[in-house]
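S.K.: sequence below, structure please.
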Amino acid sequence: MTQRRKRGTQLRLLCVFAALLAVAPGSLALAQPPNKPQGSVPEQFYQAIERARRQVETLYVLRLSEALALNTEQSGQAAAVIRKAQEARRGLLEERRQMLQELNTLLSTGARAERIKPKLSQWVENEARLGRWRQGLFQDLTRILSPEQQGRFVLFDENFNNEIRNAVMELRTGGSQGTKE
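M.R.: Purely as a prediction, here's the structure:
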């Protein structure tokens with residue numbers, strides 16, 4: 001029982017890191033201005049976010065390898081595919097964030113329909129690309145995984161993402177609500 005509690009605590013801690021990534025401004029994950037002084041608070045925050053992101057990705061791959069019973073070769077290949085896919089996803093999410101910000105500005109300033117429609121079209125295309133991204137990740141993994149492992153991947157990915165969402169919700173609602181120990 002204590003082993004289970006310890007693993008749950010570790011998972012919650014890593015989910016908190018993941019939650020920080022989910023709620024952190026997207027611009028921090030992409031780049032920092034070239035003339036920032038070393039050791040500044042924003043730079044330290046950026047570095048902490050990057051470390052947390054890498055840790056969550058590592059946790060994802062480790063738990064995926066365990067859940068799918070991947071051999072060493074499969075695990076390495078899956079890790080490479082997932083890391084590459086996550087880089088692409090971050091770019092798409094940053095584009096999405098910028099489009100939503102621009103759409104909000106247009107709407108709050110009372111822009112006319114002819115200025116709003118192109119932004120909506122861009123948003124629709126970005127959402128389609130995000131959907132294709134997910135399908136592409138699965139296609140890339142099918143080259144590595146057996147059909148049984150593919151099924152386990154779908155379930156693992158859904159469960160892992162639910163854990164992350166729950167951790168984010170817990171952070172947003174104050175953290176301790178609903179947890180009894």
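
S.K.: which positions within the strand or helix carrying Glu50 qualify as buried?
M.R.: Using DSSP states H and E, Glu50 sits in helix 41-68. For helix 41-68, burial by neighbour count (16 or more other CB atoms under 10 Å) applies to 46, 49, 52-53, 56-57, 59-61, 63-65, 67-68. Glycine gets a C-beta too; all of them are placed from N, C-alpha and C.

S.K.: nearest to Gln86, of these?
M.R.: Among the buried residues of helix 41-68, Glu57 lies closest to Gln86 (CB to CB), at 6.3 Å.

S.K.: contacts only, for that closest one.
M.R.: 82-83, 86 (CB atoms under 8 Å, 6 or more residues apart in numbering).

S.K.: contacting residues around Arg63?
M.R.: 156, 160.

S.K.: give me the distance between Glu148 and Ala69.
M.R.: The gap separating Glu148 from Ala69 is 9 Å, by CB to CB, to the nearest Å.

S.K.: ignore what I typed, I meant Ala78.
M.R.: 12 Å.

S.K.: so where's the protein shaky on pLDDT?
M.R.: Along the chain, segments meeting pLDDT under 70 span 1-39, 175-181.

S.K.: off-centre distance for the top helix by length along it?
M.R.: In the chain, with assignment by DSSP state H, the single longest helix is helix 72-108. On the basis of CA atoms, centre = their mean, to the nearest Å, helix 72-108 sits 8 Å off its chain's mean C-alpha point.

S.K.: could you turn the buried ones of the contacts of Glu57 into a ChimeraX selection?
M.R.: Buried residues among the contacts of Glu57 (16+ other CB under 10 Å), as a ChimeraX selection:
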select :82,86
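
S.K.: for Leu103, give its distance to Glu114.
M.R.: Applying CB to CB to Leu103 and Glu114 gives a distance of 14 Å.

S.K.: now Gln55
M.R.: From Gln55 over to Glu114 the distance is 46 Å, taken as CB to CB.

S.K.: ok, now Leu64?
M.R.: Counting by CB to CB - Leu64 and Glu114 are separated by 47 Å.

S.K.: neighbours around Asn104, how many?
M.R.: Asn104 has 11 neighbouring residues, counting by other CB atoms under 10 Å.

S.K.: repeat for Arg89
M.R.: With other CB under 10 Å as criterion, Arg89 counts 15.

S.K.: ok, it - contacts?
M.R.: Each residue near Arg89 by CB under 8 Å, 6+ apart is listed here: 130, 133.

S.K.: which one in this protein is furthest away from the centre?
M.R.: Arg112 (34.3 Å; CA atoms, centre = their mean).
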